[in-house]
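In: What follows is a predicted structure for the sequence shown.
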Amino acid sequence: MELNEFFKQHNKVAVAFSGGTDSAYLLYEALKNKALAEAYYVSSAFQPEFEREDAKRFCGELGVKLNIVDVDVLSCDDVIKNPPDRCYYCKQQIMGNIIKHAKADGFDILVDGTNASDDVNDRPGMKALEELNVLSPLKLCGITKAQVRERSKAAGLFTWDKPAYACLATRIQPGFPIYAGTLKKVEQAENIMRTMGFTDFRVRVFHGMARIQVKSSQMQEVLEHRQAIVKDVGALFDGVFLDLNERA
C-alpha cells in the first residue's frame, strides 16, 4: 500500500503529533493527499519545551490546526514505578487522552508516526497502540526512517534531519521511580548541552548523577567543554560522568 492509497481510504484523521521527524512527515502527507487532518500534541512532564515549540512552528508552516492535550502522566502509579514495560502504561494514557479529545472533535481515526524501521518487539508501547486501534501508516506502507528523512528533505520540511528524541522518562533507569523534579533537571541539563552545540545526545540519570551519552563524533567536544559541563550540569546532579560507549 502507498500513502496516497491509505489516505484515500482514511480521509479524515487525527494525527498523534510529537513534533519529531516521523509524525511531521505523516502530517505533511495527510495534507498533501487531501485528507482532513488535525494534529494532537500531548503536553506532559515527559515532553521538553523545545518539542512543543517545534510542533507549533511546523503546524504554523503547514497551516494546520494544532490541538494541545494536557496529560498528567505521573498520575499513574504504574508509570511512576517505571517497570520495564512502563511505555505501555504511558502510551495508554497519552493515546487514550488524544482519542478522547479527537472523538469530541469529530475524528474517529487516530494515526501515529511509527515507521517500518521501529522494532516492534522492543517497544511495549506498540501493544498499547494495537489495543487502542491506533493506525501507523508509515509502518503499514513499509516506509523506513531513512526514507522518511529523505522524503522530508525533498519536501523542504525542517524536521528532516532532526535527531531522534525519546521522551524524558527514558533517561531514568527502569526500576527507579520517576519524579517530576528529576525530569525537570534532565531537561535543564539537556538544554545546557544543546546551547553548547551538542545535537544527538542524552543526559541519563544514574544513582543521582548525570551520565552523558554522545555520538563518537562529538566525544572530543565533551572534553573540550568539560569544565563548563561539570559546572553547569553538575550543579543539577550529584556528579557528572561521560559514557565512553557511543550513544546508540
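Out: Perfect, I can see it now. Numbering: from 1, shown residues only.

In: Outline the domain layout of the chain.
Out: Residue ranges for the domains of the chain, per automatic domain parsing: 3-161, 179-242.

In: end-to-end on the shortest one?
Out: Across its full length, domain 179-242 reaches 23 Å end to end, with C-alpha to C-alpha, to the nearest Å as the criterion.

In: Mean confidence (pLDDT) on that domain, please.
Out: Averaging pLDDT along domain 179-242 gives 95.

In: For T199, which non-adjacent residue is closest in space?
Out: Of all residues not flanking T199 in the chain, P163 sits nearest, at 5.6 Å (C-beta to C-beta, 6 or more residues apart in numbering). C-beta here means a position set from N, CA and C on the backbone, and glycine is covered the same way.

In: my guess is C87 meets R123, correct?
Out: Yes. The criterion here is C-beta atoms under 8 Å, and C87 meets it with R123 at 6.5 Å.

In: The two: which is more packed in?
Out: When neighbours are counted by other C-beta atoms under 10 Å, C87 comes out ahead of the other of C87 and R123, with 23 against 16.

In: Find the nearest non-adjacent residue to that one, please.
Out: Using C-beta to C-beta, 6+ apart, the closest residue to C87 is G125 (3.9 Å).

In: if I pick the one you found, what's in contact with it?
Out: 87-88, 90-91 (C-beta atoms under 8 Å, 6 or more residues apart in numbering).

In: before we move on, which element is V13 in?
Out: Taking DSSP states H and E as the criterion, V13 maps to strand 12-16.

In: buried residues in the lowest-mean-pLDDT helix or strand in the chain?
Out: Lowest on mean pLDDT, DSSP states H and E among the helices and strands of the chain sits helix 125-131, with a mean of 89. Buried residues in helix 125-131, counted by 16 or more other C-beta atoms under 10 Å: 125-126, 128-129.

In: Of those residues, just say which sits nearest to G175.
Out: Taking C-beta to C-beta as the measure, G175 lies nearest G125 of those, at 17.8 Å.

In: OK, contacts around T144?
Out: Neighbouring residues of T144 by C-beta under 8 Å, 6+ apart: 115-117.

In: ok, K65 - how many residues close by?
Out: Look at K65: counted by other C-beta under 10 Å, it has 11 neighbours.

In: Provide the partner residues of the nearest residue to it once chain neighbours are set aside in its beta bridges.
Out: The shortest distance from K65 to any non-neighbouring residue, by C-beta to C-beta, 6+ apart, is to E38 (4.7 Å). Beta-bridge partners for E38, by DSSP bridges, are A14.

In: okay, stretch 74-93 in PDB with CA atoms only?
Out: What follows is stretch 74-93, C-alpha atoms only, in PDB (Å, rounded to 0.1, in the frame of the first residue of the first chain):
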ATOM      1  CA  LEU A  74       2.600  10.900  36.700                       C
ATOM      2  CA  SER A  75      -0.900  10.400  38.000                       C
ATOM      3  CA  CYS A  76      -0.500   6.700  37.100                       C
ATOM      4  CA  ASP A  77       1.400   4.600  39.700                       C
ATOM      5  CA  ASP A  78       2.500   2.100  37.000                       C
ATOM      6  CA  VAL A  79       4.300   4.900  35.200                       C
ATOM      7  CA  ILE A  80       5.900   6.300  38.400                       C
ATOM      8  CA  LYS A  81       7.200   2.900  39.400                       C
ATOM      9  CA  ASN A  82       8.900   2.800  36.000                       C
ATOM     10  CA  PRO A  83       8.800  -1.000  35.300                       C
ATOM     11  CA  PRO A  84      10.400  -2.400  32.100                       C
ATOM     12  CA  ASP A  85       7.000  -2.100  30.300                       C
ATOM     13  CA  ARG A  86       6.400   1.500  31.600                       C
ATOM     14  CA  CYS A  87       6.000   2.700  28.000                       C
ATOM     15  CA  TYR A  88       2.800   0.500  27.700                       C
ATOM     16  CA  TYR A  89       1.100   2.400  30.600                       C
ATOM     17  CA  CYS A  90       2.300   5.700  29.300                       C
ATOM     18  CA  LYS A  91       1.000   5.100  25.800                       C
ATOM     19  CA  GLN A  92      -2.300   4.000  27.200                       C
ATOM     20  CA  GLN A  93      -2.600   7.300  28.900                       C
END
